[in-house]
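>>> Mind folding the following:
(one chain, ligands or ions: 1)
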Amino acid sequence: MAASMRKICFRRLLRRFSTKRKGVNCLSTSQDASSNVRVRFAPSPTGYLHLGGLRTALYNFLFAKSREGTFVLRIEDTDQSRLIPDALDKLEKMLEWSGLVPDEGPSHGGKYGPYIQSLRIDLYQESIKQLLQNGTAYHCFCTPKRLDLLRRDSVRRGETPRYDNRCRHLEPGVIKEKLDAKTPYVVRLKLEPTPDPWDDMIKGPIAHNVAEIEGDPVILKSDGFPTYHFANVVDDHYMGISHVLRGDEWIHSTPKHLLLYKAFGWSAPRFAHLPLIVNQDGTKLSKRQGDIHIEHFRDQGYLPEAVVSYVTTIGGGFKCNTASLTLDQLVQHFDIERVKSYHSRLDPLFLEEANRAHLMRLMKTRHAELVASLRSLFGSADQQQEILTDKYLSRVLHWSLTEDRISKLTDLVQPKFAFLWETPQRDQIQMLRSTHTSLTELLTDCTKKLQNVGDFEKDGLAPVLREHAKASGLKTSVYMHLMREVLSGLKEGPPVAEMMSVMGKDNTLRRIHHTIHLLQSR
Ligand SMILES: Nc1ncnc2c1ncn2[C@@H]1O[C@H](COP(=O)(O)OP(=O)(O)OP(=O)(O)O)[C@@H](O)[C@H]1O
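Coordinates of the predicted model:
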């Protein structure tokens, strides 16, 4: 067995073992996995939904739906300095477009709302009092200047900067004095050693002794807003979240979160840290990159089902190929035990494959809708309206998909497919007249041959065209080039017999007659 395979099996074994002995030695994550499943997708509105965020939203959705649970959308907007005004609106639209409709959320309501953190400030301020009273948190009056000096000092010594926990030890009288004098403060959590492992649903037991590495973290900022860690834990508790599925970048924050649960005396949810979707250089995909936003894929003409399939390729979780699975099928096949623990890059070729597979599926299941979508790519005033019949559009769809010519509908309006919709221009045809003097006769003869072809399929047309080339004394390649230009104005493209077959007999003959007419007119 290869070493990497042995490692994976060992990790799986550990995961099973550690799940069974949950609570024995691990930091407590005591929610019972079989109890009422409630998960949340909790993005910050600091940018638009991208592939990484969508993948995390999707796995939360799949986990909830595969266990008859609830999928909650919560907006984490405590970093007010980075807010983007229309981010929430667009995020909700993109989730809906992808089919990941929340059961509870800012626009869907629910009994645990509000679902936007900036509307829950009172709850955080009440909750912080609890920790100040039981002594697990404390006021810190250190000035930004002192913190900066500390940081510089550490850097000078070649150490990782960390807060020295000085205000942990302030006398109650000093604290009162400073509070009475309205001295600005933050609230920090007292970190305790966390040498014991906690049990991640994907990675198995993980030990991270955060107090050895970091100073006490801020949980309430000087502007009265909670930090990510604090609001996240308070909300997960009050929203009854049973499982937290989030990106791997939060894995080292988990001991802090577990300490917060402990400080409150609450039981913690189970955690699953999902592998990240990374860039070519191994860095995490992030909101600041334009071409990874879900809107970008929608605008390019990709189907929501295909974009969803695309993001399932990082992280696994399925025992079958997901290229053509619908959301319902993904729910049926999803198994968190199969989620991988390593980060990877997306393969854009898979998106093309998935989009094609979903288009093929829609051809069978929602044919009329697909035809209507193709028609909608053309303006109502466009000259080609008269050929946009259901029959013609269906034939184009069938051809382009079965012959692997396109991966999305919008490909069909690219210049290389213009021949499907437009007749060649007068000047293109007139150019041909100068190189082929007897073109009118050749085309007239060709129409006679084509009239007699009953089954206008490429296999029947190809020998007829080859024979006509021979009878006209032209090399087949020269003849085919000529016919392609007559039909499409293009120098390159699909084989002529294939072109004719997709255009259909009437359309093909009409085009040739049109060319003859242009050749005869001056
Ligand atoms: N590249 C990624 N791969 C997998 N999950 C991701 C990725 N980026 C974000 N996530 C997850 O999506 C969820 C929402 O993330 P969030 O809204 O904070 O976006 P973000 O891209 O992490 O933000 P930023 O661009 O500021 O880093 C989080 O659980 C986060 O872990």
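>>> so where do the strands sit in the protein?
Shown for the chain, the strands assigned by DSSP state E span residues 38-41, 70-73, 137-140, 186-189, 198-200, 204-206, 218-220, 243-247, 270-274.
>>> do you know which of those strands lies nearest the ligand?
Closest approach to the ligand among the strands of the chain (CB to the nearest ligand atom): strand 243-247, 2.1 Å. Where C-beta positions appear, they are placed from N, C-alpha and C, glycine not excepted.
>>> Given the closest one, what are its sheet partners and their directions?
Partners of strand 243-247 in the sheet, by DSSP bridges, are strand 270-274 (parallel).
>>> just to revisit the earlier point, may I see the strands of the chain organised as CSV, with mean pLDDT, mean neighbour count and distance to Arg157 added?
Converted to CSV, these look like this (pLDDT from 0 to 100; neighbours: other CB atoms under 10 Å; distance: least, CB to CB, whole Å):
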stretch, mean pLDDT, mean neighbour count, distance to Arg157
strand 38-41, 98, 26, 41
strand 70-73, 98, 24, 45
strand 137-140, 98, 21, 22
strand 186-189, 98, 22, 23
strand 198-200, 96, 22, 31
strand 204-206, 95, 19, 29
strand 218-220, 97, 23, 23
strand 243-247, 97, 23, 32
strand 270-274, 97, 23, 32
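>>> Could you tell me how many residues sit around the residue nearest to Val278 when sequence neighbours are not counted?
On the basis of CB to CB, 6 or more residues apart in numbering, the spatially nearest residue to Val278 that is not a chain neighbour turns out to be His343, at 4.9 Å. For His343, the neighbour count with other CB atoms under 10 Å is 18.
>>> Tell me which residues touch His343, please.
Asp248, Pro275, Leu276, Ile277, Val278, Gly282, Ile314 (CB atoms under 8 Å, 6 or more residues apart in numbering).
>>> what do you get for Asp404?
Arg356.
>>> now it: how far from Met360?
Asp404 sits 10 Å away from Met360 when distances are taken as CB to CB, to the nearest Å.
>>> before we move on, what about Ser488?
26 Å.
>>> Neighbour count for these two, which is higher?
Ser488 (24 against 15).
>>> If we ignore the residues flanking it in sequence, what's nearest that one?
Phe419 (3.2 Å).
>>> For that neighbour, give its distance to Gln428.
Distance of Phe419 to Gln428, given as CB to CB: 11 Å.
>>> Now list whatever residues contact both of those two.
Common neighbours of Phe419 and Gln428 (CB under 8 Å, 6+ apart) are Gly489.
>>> who has more neighbours, these two?
The neighbour count for Phe419 versus Gln428, taken as other CB under 10 Å, is higher for Phe419 (20 against 16).
>>> Please report the distance of that one from Thr322.
For Phe419, the distance to Thr322 - CB to CB - is 35 Å.
>>> And for Ser154?
47 Å.
>>> Just want to know which of the two has more residues nearby.
Neighbours of Ser154 and Thr322, each counted by other CB under 10 Å, are more numerous for Thr322; the result is 21 against 14.
>>> residue contacts, the more buried one?
Ser309, Thr312, Thr313, Leu330, His333, Ala354.
>>> Which members of those residues are the farthest-apart pair?
Spatial extent of the contacts of Thr322 (CB to CB) is set by the pair His333 and Ala354 at 14.9 Å.
>>> Which one of those two is surrounded by more residues?
Legend: neighbour count by other CB under 10 Å for His333 and Ala354, higher for Ala354 (26 against 17).
>>> quick one on the thing from earlier: ok, now how distant is the residue nearest to Val278 from the ligand?
According to CB to the nearest ligand atom, to the nearest Å, His343 stands 8 Å off from the ligand.
>>> Same check on Gly315?
8 Å.
>>> same deal with Ser66?
19 Å.
>>> before we move on, what about Val502?
In terms of CB to the nearest ligand atom, Val502 sits 41 Å off from the ligand.
>>> quick one: that residue and Arg395 touch, right?
Yes - at 6.2 Å, Val502 counts as touching Arg395 under the criterion of CB atoms under 8 Å.
>>> residues contacting Arg38?
Ala64, Gly69, Thr70, Val72, Met239, Gly240, Ile241, Ser242, His243.
>>> Could you dump those residues into CSV and include distance to Glu498?
Conversion of the contacts of Arg38 to CSV gives the following (distance: CB to CB, whole Å):
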residue, distance to Glu498
Ala64, 47
Gly69, 50
Thr70, 51
Val72, 51
Met239, 57
Gly240, 59
Ile241, 56
Ser242, 56
His243, 52
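>>> would a markdown table of the strands of the chain with distance to Ser373 be doable?
Shown next, in a markdown table, are the strands of the chain (distance: least, CB to CB, whole Å):
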| stretch | distance to Ser373 |
| --- | --- |
| strand 38-41 | 28 |
| strand 70-73 | 28 |
| strand 137-140 | 56 |
| strand 186-189 | 53 |
| strand 198-200 | 42 |
| strand 204-206 | 45 |
| strand 218-220 | 50 |
| strand 243-247 | 33 |
| strand 270-274 | 33 |
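>>> Which one of those lies nearest to Phe297?
strand 38-41 (18.4 Å).
>>> ok, that closest one: who's next to it in the sheet?
Applying DSSP bridges, one finds strand 38-41 paired with strand 70-73 (parallel).
>>> How about residues contacting stretch 344-359?
Taking CB under 8 Å, 6+ apart as the rule, stretch 344-359 contacts 51, 275, 277-280, 297, 302-303, 305-307, 309-311, 313-314, 322-324, 370, 397, 401, 404, 406-409.
>>> next one: stretch 57-66
37-41, 43, 49, 69-71, 95, 98, 100, 103, 243, 245, 272, 274, 308, 311-312, 315, 317, 330-332, 334, 336, 339.
>>> repeat that for 7 Å
With CB atoms under 7 Å, 6 or more residues apart in numbering as the contact definition, stretch 57-66 has outside contacts at 37, 39-41, 70-71, 95, 100, 243, 245, 274, 308, 311, 315, 317, 330-331, 334, 336.
>>> could the strands of the chain go into JSON lines alongside distance to the ligand?
Compiled in JSON lines, the strands of the chain are given as follows (distance: least, CB to the nearest ligand atom, whole Å):
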{"stretch": "strand 38-41", "distance to the ligand": "7"}
{"stretch": "strand 70-73", "distance to the ligand": "11"}
{"stretch": "strand 137-140", "distance to the ligand": "25"}
{"stretch": "strand 186-189", "distance to the ligand": "21"}
{"stretch": "strand 198-200", "distance to the ligand": "14"}
{"stretch": "strand 204-206", "distance to the ligand": "16"}
{"stretch": "strand 218-220", "distance to the ligand": "18"}
{"stretch": "strand 243-247", "distance to the ligand": "2"}
{"stretch": "strand 270-274", "distance to the ligand": "6"}
